[in-house]
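Enquirer: Sequence below, structure please.
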Amino acid sequence: MMTGGLSDTEPATPEVQDIVHQVKPQFESMVNEKYGIFKAIEYRSQVVAGVNYFIKVQVSDSMYVHLRVFESLPHENQGPKLVSYQTGKTRDDPLTYF
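Expert: Okay, the predicted model is just below:
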């Protein structure tokens, strides 16, 4: 993968699901809602001074959100941070930079 470019879309891994679980409280606070389902479906990544993850997350039977999460370099010792999100997505909506 080229530094700065977005990777191809990949199925979510256990590591990506772990990131999603870590930022779930941040997302719920931002949208002022609680979700029983919060399942990572697929993702793209972008290597910067850390990694930006663009993650499609299922939040109900037919509702999806896209999350942009920044994970800093390991030596900075910080958890993932929700940077941006898009609501009202479907399973078929492509993950793009936002």
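
Enquirer: Secondary structure element holding F70?
Expert: strand 64-71 (DSSP states H and E).

Enquirer: The residue lying farthest from the centre of the chain in helix, strand or coil?
Expert: Ranked by distance from the centre of the chain (Cα atoms, centre = their mean), the top residue is H75, with 21.4 Å. The three-state assignment at H75 reads helix, by DSSP: H, G, I helix; E, B strand; the rest coil.

Enquirer: That one and V51, how far apart?
Expert: According to Cβ to Cβ, to the nearest Å, H75 and V51 sit 14 Å apart. Backbone N, C-alpha and C define where each C-beta goes, glycine included.

Enquirer: And the strands in this structure?
Expert: With DSSP state E as the criterion, the chain has strands at 10-11, 39-48, 50-58, 64-71, 81-89.

Enquirer: got a markdown table for those, with mean pLDDT too?
Expert: Putting the strands of the chain into a markdown table (pLDDT from 0 to 100) gives the following:
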| stretch | mean pLDDT |
| --- | --- |
| strand 10-11 | 95 |
| strand 39-48 | 94 |
| strand 50-58 | 95 |
| strand 64-71 | 96 |
| strand 81-89 | 95 |
